[in-house]
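1. 3D, please:
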Amino acid sequence: MEKNDLFDFELNEAEGCWSVTGYYGKDEEVIFPASHEGKPVKTIGDRFSPNNKRIKRVTIPEAYTSIGDSAFEDCTELTKINLPEGLTSIGDSAFKNCTGLTSIKLPESLASIGKRVFSDCKGLKEIKLPESLTSIEDFAFSDCAGLTEIMLPKSLTSIGEMAFYDCAGLTEFKFPESLTSIGEYTFWKCTGLTEIKLPQGLTSLGKMAFGDCTGLTEIKLPQGLTSIGERSFDDCTGLTKIIFSESLTSIGDSAFQRCTGLTEINLPESLTSIEGWAFYKCIGLTKIKLPKGLTSFDFITVFPDCTELAEISVDENNPVFYAVDGVMFDKAMTTLMWFPAGKKGKYSVPDGIISIRQGAFDNCKLTGITFPQSLIFIDTYGFNSDQLTDITVNELNPNFYSIDGVLFDKRNSALMEYPKNKDKTDYAVPDGILHIADIAFSRCKRLVNIVLPEGIRLILKNAFAECEGLTAVTLPMGLHYIGERAFKDCPNLETVTLSRKTRIGHKAFEGFKGRFVYRD
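-> Numbering: from 1, shown residues only. Prediction:
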């Protein structure tokens, strides 16, 4: 280690040159030495100065080739720096939090920008990137709120994670055709970004790449793109139009969730998979068509809370799915797969349908439903509609029946579903019923009084969950078991009368603040 009055030096014996490793001056301007003891100085070391906050201007000689990690980090007063043309490397966080820096020109000799180099440079409004640049590393310009436009060089091939995170001032971005990948969270929270043109050579789009870009209104995906990453366009609430590439094969988990401005999407023929929650809470979406190659698909998890989605259609050559009147079935027309949440009114399930898939009618706007003679199986949580007032079953059905709009299972002597929007406040379960099924009365907010016959043996999970009007419940002496969360979140329930012999499942009375009265 060597030093003079202002600087510490460290000799690189292999290359015969010095590195500046420390600065002790108190001046606002730092002029770095070109040589020391007859040998050239070529580099600035990592976090070289304990007096960073005093520095306002920096002059670096042309012979310098690298700037170390965090070299000027937290130089909040720095307003001007001239980088030499021979510079090939700028270390991680080299100018992080230089909030006074408004513009900078990077030399043409620079091939890459390290991690967090200009992170938190909130005053930075203008930067000229060199044509030699091939990569921008993670967080390189994150939180540079003052940046309004940046020109990417034609040589650029990759942009790292969160490289432009929260650059809210950016309004337009022009990508070079050489770019092949955009990393995770790269443009997350770039809320001012209104237009992007992705390069045709792009093959990879990372997780949350454009998440929370609320200003984006339209996007065209390039032909080379085969997959859209997890949450790539999450919360892009201004997005009204997507043009998918014909090479696209997969849409990742939650890729377009909460894109509330989308009203219609045309999925490409090349698409083979859509992961869960891809279009979660796309409340503006009204219709969609599934391509022929999309054969593995979970409707319930892909389109949850798409409250206006009223029609779904399927390519006639799709070997697995079939649609009739906007409702989804299997190709053989034996299973009702999914009923769009936005489809309103009353609906009669076609004759020949044998089974109703789990969650098929979940959160739909149906007011009435009729089941055919052919129906023999309704999966758990088969329907769960807050607007349902009446359920009717063909009188010749051997497995199910309805009384006063309430659904029962003959085989298990079970009450399966009490319509959640039924206008009665009092209800007596008929004698002979042994079981209350999962979610049978869940979210029946109008229900105040429930009478259960002594023959009831099982009350299954979530059976009376969120019945806000219930005030008191008397449970039969012969009741064997109360399922998990059976009476969860019944805020007005004051008294539960039951036998000490009744087994109570996990969190069966979660949120209950009243009292238990025992009958034995």
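2. what mean pLDDT does stretch 258-274 have?
-> Stretch 258-274 shows a mean pLDDT of 93.
3. next, the buried residues of that stretch.
-> By neighbour count on 16 or more other CB atoms under 10 Å, the buried set for stretch 258-274 is 258, 259, 260, 261, 262, 265, 267, 268, 270, 271, 274. No exception for glycine: its C-beta is placed from N, CA and C like everyone else's.
4. now the two most distant members of those residues.
-> Largest separation among the buried residues of stretch 258-274 by CB to CB: 260 and 270, giving 26.7 Å.
5. ok, and the closest non-adjacent residue to residue 215?
-> residue 194 (4.6 Å; CB to CB, 6 or more residues apart in numbering).
6. how near is that neighbour to residue 414?
-> 55 Å (CB to CB, to the nearest Å).
7. among those two, which residue is more densely surrounded?
-> More neighbours surround residue 414 than the other of residue 194 and residue 414, with 20 against 17 (other CB atoms under 10 Å).
8. looks like the more buried one contacts residue 432 (just checking).
-> No - at 10.7 Å, residue 414 and residue 432 do not qualify as touching, with contact defined as CB atoms under 8 Å.
9. run a quick neighbour tally on the closest residue to residue 204 other than its chain neighbours.
-> Setting aside the residues directly before and after it, residue 204 is nearest to residue 181 in space (CB to CB, 6+ apart), at 4.0 Å. For residue 181, the neighbour count with other CB under 10 Å is 17.
10. before we move on, what about residue 22?
-> Neighbourhood size, residue 22 [other CB under 10 Å]: 17.
11. may I have the phi/psi pair for it?
-> Backbone geometry at residue 22, expressed as degrees, to the nearest 10, gives phi -160, psi 150.
12. for it, give its distance to residue 7.
-> To residue 7, residue 22 is 6 Å away according to CB to CB.
13. wait, residue 49 sits on residue 21?
-> No - using CB under 8 Å, residue 49 is not in contact with residue 21; the gap is 9.7 Å.
14. the two: who's more crowded?
-> More crowded of residue 49 and residue 21, by other CB under 10 Å: residue 49, with 24 against 20.
15. ok, the closest residue to the more buried one other than its chain neighbours to residue 48 distance?
-> Nearest residue to residue 49 in three dimensions, chain neighbours excluded: residue 23, at 4.1 Å (CB to CB, 6+ apart). Look at residue 23 and residue 48: by CB to CB, they are 6 Å apart.
16. what sits in contact with each of the two?
-> Applying CB atoms under 8 Å, 6 or more residues apart in numbering, one finds that residue 23 and residue 48 are jointly contacted by residue 8.
17. what about the protein, any weak spots by pLDDT?
-> Within the chain, the segments meeting pLDDT under 70 span 1-3, 50-52.
18. and the helices in it?
-> Here the chain has its helices, by DSSP state H, at 299-302.
19. contact partners for the residue nearest to residue 185 when sequence neighbours are not counted?
-> Once flanking residues are discounted, residue 185 sits nearest to residue 162: 4.1 Å by CB to CB, 6+ apart. By CB under 8 Å, 6+ apart, residue 162 lies in contact with 138, 139, 142, 183, 184, 185, 186, 188.
20. what of residue 251?
-> Counted by CB under 8 Å, 6+ apart, residue 251 has contacts 227, 228, 271, 273, 274, 275, 278.
21. let's go with 10 Å and repeat that
-> Residue 251 makes contact with 227-230, 232, 244, 267, 271-275, 278-279, 294, 302 under the criterion CB atoms under 10 Å, 6 or more residues apart in numbering.
22. repeat that for residue 313.
-> Per CB under 10 Å, 6+ apart, neighbours of residue 313: 287, 288, 289, 290, 321, 322, 323, 324, 325, 326, 328.
23. from these, which land in strands?
-> Those of the contacts of residue 313 mapping onto strands are 287, 288, 289, 290, 321, 322, 323, 324, 328, per DSSP state E.
24. export these to a markdown table and tack on distance to residue 59 and neighbour count?
-> Listed next are the ones in strands among the contacts of residue 313 as a markdown table, based on distance: CB to CB, whole Å; neighbours: other CB atoms under 10 Å:
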| residue | distance to residue 59 | neighbour count |
| --- | --- | --- |
| 287 | 63 | 16 |
| 288 | 60 | 21 |
| 289 | 63 | 15 |
| 290 | 63 | 21 |
| 321 | 68 | 21 |
| 322 | 73 | 17 |
| 323 | 70 | 20 |
| 324 | 76 | 12 |
| 328 | 69 | 22 |
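25. ok, residue 354 touching residue 332?
-> Yes - judged on CB atoms under 10 Å, residue 354 makes contact with residue 332 at a distance of 9.3 Å.
26. please say which of those two ends up with more neighbours.
-> Using other CB under 10 Å, the more surrounded residue of residue 354 and residue 332 is residue 354, with 15 against 10.
27. distance check, the residue nearest to residue 185 against residue 206.
-> Residue 162 sits 10 Å away from residue 206, going by CB to CB.
28. any common contacting residues for these two?
-> Shared contacts of residue 162 and residue 206, defined by CB under 10 Å, 6+ apart, comprise 183, 184, 185, 186.
29. can you give me the neighbour number for the residue nearest to the first one when sequence neighbours are not counted?
-> Excluding the flanking residues, the one nearest residue 183 by CB to CB, 6+ apart is residue 161, at 4.2 Å. A total of 21 residues lie near residue 161 under the criterion other CB under 10 Å.
30. cool, and residue 450?
-> Quick note: residue 450 (other CB under 10 Å) scores 20 neighbours.
31. now do residue 168
-> Residue 168, neighbours per other CB under 10 Å, totals 19.
32. kindly report the same for residue 220.
-> Neighbour number of residue 220 under other CB under 10 Å is 13.
33. which residues touch it?
-> 196, 197, 198, 241, 242, 243, 244, 245.
34. switch the contacts of residue 162 over to TSV; also include distance to residue 81.
-> Converted to TSV, the contacts of residue 162 look like this (distance: CB to CB, whole Å):
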residue	distance to residue 81
138	23
139	20
142	20
183	27
184	30
185	28
186	26
188	28
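35. select only the buried ones of those in ChimeraX?
-> Per 16+ other CB under 10 Å, the buried members of the contacts of residue 162 correspond to this ChimeraX selection:
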select :138,139,142,183,184,185,186,188
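36. distance between the ends of stretch 386-400?
-> Start-to-end span of stretch 386-400 (CA to CA, to the nearest Å) is 21 Å.
37. residue 237 against residue 260, yeah?
-> Yes - between residue 237 and residue 260 there is a contact under CB under 10 Å: 5.0 Å.
38. which residues are in contact with both of these two?
-> Common contact partners of residue 237 and residue 260 (CB under 10 Å, 6+ apart): residue 284.
39. what about the strands in the stretch 151-300 of the chain?
-> Under the criterion DSSP state E, counting those that start in this stretch, the stretch 151-300 of the chain contains strands at 158-159, 172-174, 181-182, 195-197, 204-205, 218-220, 227-228, 241-243, 250-251, 264-266, 273-274, 287-290.
40. how far does the third one sit from the chain's center?
-> The one in question is strand 181-182. 19 Å (CA atoms, centre = their mean, to the nearest Å).
41. cool, and the fourth one?
-> The chain centroid and the centroid of strand 195-197 are separated by 21 Å under CA atoms, centre = their mean.
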